[in-house]
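1. Sequence first, predicted coordinates after that:
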There are 2 protein chains.
Amino acid sequence: MSPIPSSTRALPDPVAKKIQDDSERHLEELCAWLRIPSVSSSSAHVDDMLAAATWLESKLTNAGLQTKRIETNGFPMIYAETPAVDGAPVALVYGHYDVQPAEPLELWNSPAFEPTLRDGNVYARGATDDKGQVLTHIHAVCDWMQSGEPLPMQIKFLIEGEEEVGSANLEAYLPDARDLSCDVVVVSDSSQYAEGLPAMTCGLRGIATYEIKVTGPSHDLHSGSFGGAVANPAIALSQLLASMMDQSGRIQIKGFYDDVQPIPDAERAAWRQLPSDEPQMRAESGVEALHGESGFTTDERRWARPTFDVNGITSGHQGEGVKTIIPSWASAKFSFRLVPNQVPDAITQAVQEHIAALDLPGVQIELLPDHGASAMVTKSDSPYAIAASRAIESAFGVVPVPIREGGSIPILADFQRHLGCDVLLLGWGQNDDAMHSPNEKFSVADFHRGTLASAHLWAELAADS
Amino acid sequence: MSPIPSSTRALPDPVAKKIQDDSERHLEELCAWLRIPSVSSSSAHVDDMLAAATWLESKLTNAGLQTKRIETNGFPMIYAETPAVDGAPVALVYGHYDVQPAEPLELWNSPAFEPTLRDGNVYARGATDDKGQVLTHIHAVCDWMQSGEPLPMQIKFLIEGEEEVGSANLEAYLPDARDLSCDVVVVSDSSQYAEGLPAMTCGLRGIATYEIKVTGPSHDLHSGSFGGAVANPAIALSQLLASMMDQSGRIQIKGFYDDVQPIPDAERAAWRQLPSDEPQMRAESGVEALHGESGFTTDERRWARPTFDVNGITSGHQGEGVKTIIPSWASAKFSFRLVPNQVPDAITQAVQEHIAALDLPGVQIELLPDHGASAMVTKSDSPYAIAASRAIESAFGVVPVPIREGGSIPILADFQRHLGCDVLLLGWGQNDDAMHSPNEKFSVADFHRGTLASAHLWAELAADS
């Protein structure tokens, strides 16, 4: 980790003033966008997805950006760009307008798609992931263009609608996407290290997700008449899932750790300097004790170690009361978070071999890989990273700390590969924002600071070039 | 196994004629009763339960039986009796008017509560379990009373509404139930050995059912932000369930087999004389291969060996698509079938100790025992059994074979204990009747033969006394 310079450059006054003056409108527009339940994984929300894309397209067009809607085999991507600036770098802001499902709805304190202001936060599905965060860049660029000051560099936007379901269509689009050429990709879809302690995120984990179905009898059977004579798919599924990880958190799939590299000493050392986030993590998750793979700190476990999680299980009788059956089938959704150098396809093959080796009797097993993405790491000492650090310091008043995040933004490794560019991960959220959970929120103050930091970023990047 | 005499006694002509003449009405009345969705485990069906009880009460009252409705803390029991006959034995017919839930509804070829005649069967939830079977005795007794001939013995009926949920209120009622005193309890809630091969069922397995809930974080967590740092309840539940049985079908709970006795040689030998039912069991269950504890035949496994089954599992995201969460909780329903000499409370304690010994980190575990019942065995050479064998031979034209059944009728052990009586298990169903499954059915021919066999039974029992 290189020391990060703390001298910063000033934003043009008209830009700073416009961003300040427009803060109320910024929030109103966020709430309008959040009201559209753009859940990409559910076929019930197709119209909402298109409405969310159209909202965004109008917003960018009305601010004077050259905007186009890129149709795909799934949901459209919205592309927009400001005028080219000779000799200045080009940035591409990537984000997404789709959101996770809101279920279980009964756990929300206010409806998931009725944005509600409480305690300085806006609560809604998508508030922090990612509508609120990507909108900071859109507001900063639109305000700058409308302030009368010329933007000192070209900024492009690519906002997709399939981030939460694997970005398959963007992945297919990227290899030939000449219009996306840029020097640096900017992404705000992650979190600060803690309240009042913004971060430069230098790595993300990869992911591999699966659905598995274990099938036994052709219909549910009476467990008295058939119990003991027919294999039980729910037991077989339990045995299969249990076989994949031991109680100490070590994954038991042969070859799973083969490509895992040690965490670099410099990063380990830097992370151990950070104030402990364990009390906060316990509070956020509501567990009495954190638990994970032995031999690693909590930050190491969630940022730089691969993990296995079962995301859901379904089988047999789930209603009230007793129903003594052997269920016909049992299914589960599970996922791995991967670390640099692990390859999703190799993981899939290892899982397939693991299941075949188990040879569970009396059942059929169908494994459906859903989507996979490699982990990514970025340079913390590039000119872009230094410019971003200054911009964050200007807006937040604090020098950001170097961290990683445990989540995945599958497409970023593709950006790096196809566009040959650096990536800046500038998270404006907080760890307790409940991304993917009920009562997702985003701090209104962080929303405004993020917008200001975005404007500073363009000034810093242009000045550094 | 003693040889079963095959000489039979004739039924009075007016009784035989009335049963013959009324066959169409018998079936219509069954269909009327089946149309009432008397699901005892669902609070949505409370009114239906009461309607099913009232239908039965009216039926018995109208036929001239002394009838009373016994209120309980749950659903009422219907008691009825014919006049006492000096010097003759007293029989108590036990059955139940409640049924299993019909879900999954989409797998029914005709609606579960719209009885439909197809291929000589009546299809409906409760057709064989137990409305159709218990109604054979009701029809036989009512017809006899209405035939003008005096019944040669007293017959009592006790038809409850909580058999499918553990019979707790009947269990509480039995110890002081003077009105139930009898010489033999007659139950038709099981199956013949095969098509055209009726059986004398000489044993039933016991049962112990549980619900378990494994709780981790207070809400679903993002598996990127928290994966690796927080225990996953769905994995913990899988580990717990998997730990309870190995892949060879042997239960791994310490002490589970302590009270299990070997299967008596005479029964093992008799069962091995039976034509193999494995092809039929594969066809009925739709599995390519049967699977169970090694060292035992299929009949031994399902009739006389204890088993573990998971009846349902629920956790996390079960809808369409991917949701990469650590679920807040995971729950399962599971059950054991028990064999003679195993005690449900001892099993519960063994399960509790097993779970405690696992010591799964980072989660809370709540085990809720639901209901338990001991297995029961009956004498195959008592005068009652010999009389029943003759009655079956008269109605079905075949001498019944001695078998056991793998299912449980929890209350029968209590009948034996509190009333000091023998029990006759006279199953009129077929193994493919899909008790507890979609498309439950009952053969119309077996329904009528069962009614005739019931009438013969009263003649045989009275003559033997």
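-> Arrived safely, thanks for sending. Numbers count the residues shown, from 1 in each chain, chains lettered A, B, ... in the order given.

2. Would you map the helices across chain A?
-> With DSSP state H as the criterion, chain A has helices at A:13-21, A:23-34, A:46-62, A:131-146, A:168-173, A:223-226, A:233-242, A:265-273, A:278-285, A:298-304, A:344-358, A:383-396, A:411-419, A:444-464.

3. which strands and helices sit next to the longest one?
-> To tie it back to what came earlier, the one meant is helix A:444-464. helix A:13-21, helix A:23-34, strand A:90-96, strand A:121-123, helix A:131-146, helix A:383-396 (3 or more Cβ pairs under 8 Å, 6 or more residues apart in numbering or on different chains; DSSP states H and E). In short, each C-beta sits where N, CA and C put it, glycine included.

4. how much space between residue A:101 and residue A:398?
-> Computed as Cβ to Cβ, to the nearest Å, the residue A:101 to residue A:398 distance reads 35 Å.

5. Residue A:185 too?
-> According to Cβ to Cβ, residue A:185 and residue A:398 sit 24 Å apart.

6. more crowded one of the two?
-> Shown here are residue A:185 and residue A:398; by other Cβ atoms under 10 Å in any protein chain shown, residue A:185 has more neighbours (24 against 14).

7. need the residues of the stretch 51-200 of chain A near chain B, please.
-> Proximity of the stretch 51-200 of chain A to chain B, by Cβ under 8 Å from any Cβ of the partner chain, involves residues A:100, A:101, A:103, A:104, A:107, A:164, A:165, A:166, A:191.

8. What's the local residue count around the third one?
-> In other words, residue A:103. Residues near residue A:103, counting by other Cβ under 10 Å, number 18.

9. Not counting its neighbours along the chain, what's nearest it?
-> residue B:319 (6.7 Å; Cβ to Cβ, 6 or more residues apart in numbering or on different chains).

10. want to try a markdown table for the helices and strands packed on helix A:444-464, with mean pLDDT, distance to residue A:243 and mean neighbour count as columns?
-> Listed next are those as a markdown table, based on pLDDT from 0 to 100; distance: least, Cβ to Cβ, whole Å; neighbours: other Cβ atoms under 10 Å in any protein chain shown:
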| stretch | mean pLDDT | distance to residue A:243 | mean neighbour count |
| --- | --- | --- | --- |
| helix A:13-21 | 96 | 55 | 16 |
| helix A:23-34 | 98 | 42 | 17 |
| strand A:90-96 | 97 | 35 | 25 |
| strand A:121-123 | 98 | 40 | 22 |
| helix A:131-146 | 97 | 39 | 26 |
| helix A:383-396 | 95 | 42 | 24 |
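
11. Turn those into TSV, including distance to residue A:208.
-> Output for the helices and strands packed on helix A:444-464, formatted as TSV (distance: least, Cβ to Cβ, whole Å):
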stretch	distance to residue A:208
helix A:13-21	40
helix A:23-34	30
strand A:90-96	20
strand A:121-123	31
helix A:131-146	25
helix A:383-396	28
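
12. residue contacts, residue A:58?
-> Under the criterion of Cβ atoms under 8 Å, 6 or more residues apart in numbering or on different chains, residue A:58 has no neighbours.

13. how close does whichever residue of the stretch 351-465 of chain A sits closest to chain B sit to residue B:142?
-> Scanning the stretch 351-465 of chain A for the residue nearest chain B gives residue A:407, at 2.7 Å (criterion: Cβ to the nearest Cβ). The spacing between residue A:407 and residue B:142, counted by Cβ to Cβ, is 70 Å.

14. Quick check: the residue nearest to residue A:341 when sequence neighbours are not counted vs residue A:210, distance?
-> Distances taken as Cβ to Cβ, 6+ apart place residue A:259 nearest to residue A:341, at 4.7 Å, with adjacent residues excluded. With distances taken as Cβ to Cβ, residue A:259 is found 18 Å from residue A:210.

15. which one of those two has more residues nearby?
-> Using other Cβ under 10 Å, the more surrounded residue of residue A:259 and residue A:210 is residue A:210, with 21 against 15.

16. any weak-confidence spans in the stretch 151-300 of chain A?
-> Judged against pLDDT under 70, the stretch 151-300 of chain A has no low-scoring part.

17. Would you confirm that residue A:282 contacts residue A:291?
-> No: between residue A:282 and residue A:291 there is no contact under Cβ atoms under 8 Å: 10.8 Å.

18. Who are the contact partners of the residue nearest to residue A:103?
-> Applying Cβ under 8 Å, 6+ apart, we find residue B:319 in contact with A:41, A:42, A:101, A:103.

19. of these, closest to residue A:54?
-> Proximity of the contacts of residue B:319 to residue A:54 (Cβ to Cβ) peaks at residue A:42, which lies at 18.6 Å.

20. Report how many residues lie close to that closest one.
-> What residue A:42 shows, counting by other Cβ under 10 Å, is a neighbour count of 17.

21. now swap in residue A:432 and tell me
-> Residue A:432 has 20 neighbours, counted by other Cβ under 10 Å.

22. For it, which residues are in contact?
-> Neighbour list for residue A:432: A:280, A:283, A:284 [criterion: Cβ under 8 Å, 6+ apart].

23. By neighbours, which of the residues you listed wins?
-> Going by other Cβ under 10 Å, residue A:284 tops these with 22 neighbours.

24. For residue A:388, see how far away the closest residue to that residue other than its chain neighbours is.
-> Nearest residue to residue A:284, sequence neighbours excluded (Cβ to Cβ, 6+ apart): residue A:432, at 4.3 Å. Distance check for residue A:432 against residue A:388: by Cβ to Cβ, it reads 24 Å.

25. Then residue A:165?
-> According to Cβ to Cβ, residue A:165 stands 29 Å off from residue A:388.

26. ok, now residue A:374?
-> Distance of residue A:374 to residue A:388, computed by Cβ to Cβ: 23 Å.

27. and if you look at residue A:148?
-> Residue A:148 sits at a distance of 26 Å from residue A:388 (criterion: Cβ to Cβ).

28. ditto for residue A:207
-> To residue A:388, residue A:207 is 25 Å away according to Cβ to Cβ.

29. can you pull the pLDDT of the residue nearest to residue A:196 when sequence neighbours are not counted?
-> Distances taken as Cβ to Cβ, 6+ apart put residue A:398 closest to residue A:196, at 6.6 Å, once the chain neighbours are dropped. Model confidence at residue A:398, given as pLDDT, is 94.

30. so how many other residues sit close to the closest residue to residue A:167 other than its chain neighbours?
-> Leaving aside its chain neighbours, residue A:167 sits nearest to residue A:411 (4.3 Å; criterion: Cβ to Cβ, 6+ apart). Counted with other Cβ under 10 Å, the burial measure for residue A:411 works out to 26 neighbours.

31. ok, the residue in chain A sticking out farthest from the centre - contacts?
-> Farthest-out residue of chain A from its mean C-alpha position, per Cα atoms, centre = their mean: residue A:225, at 48.5 Å. Taking Cβ under 8 Å, 6+ apart as the criterion, residue A:225 is in contact with B:191, B:302, B:405, B:406, B:407, B:431, B:435.

32. Where do the strands of the stretch 151-300 of chain A begin and end?
-> Along the stretch 151-300 of chain A, counting by DSSP state E, counting those that start in this stretch, strands occupy A:154-160, A:184-187, A:199-204, A:206-215, A:221-222.
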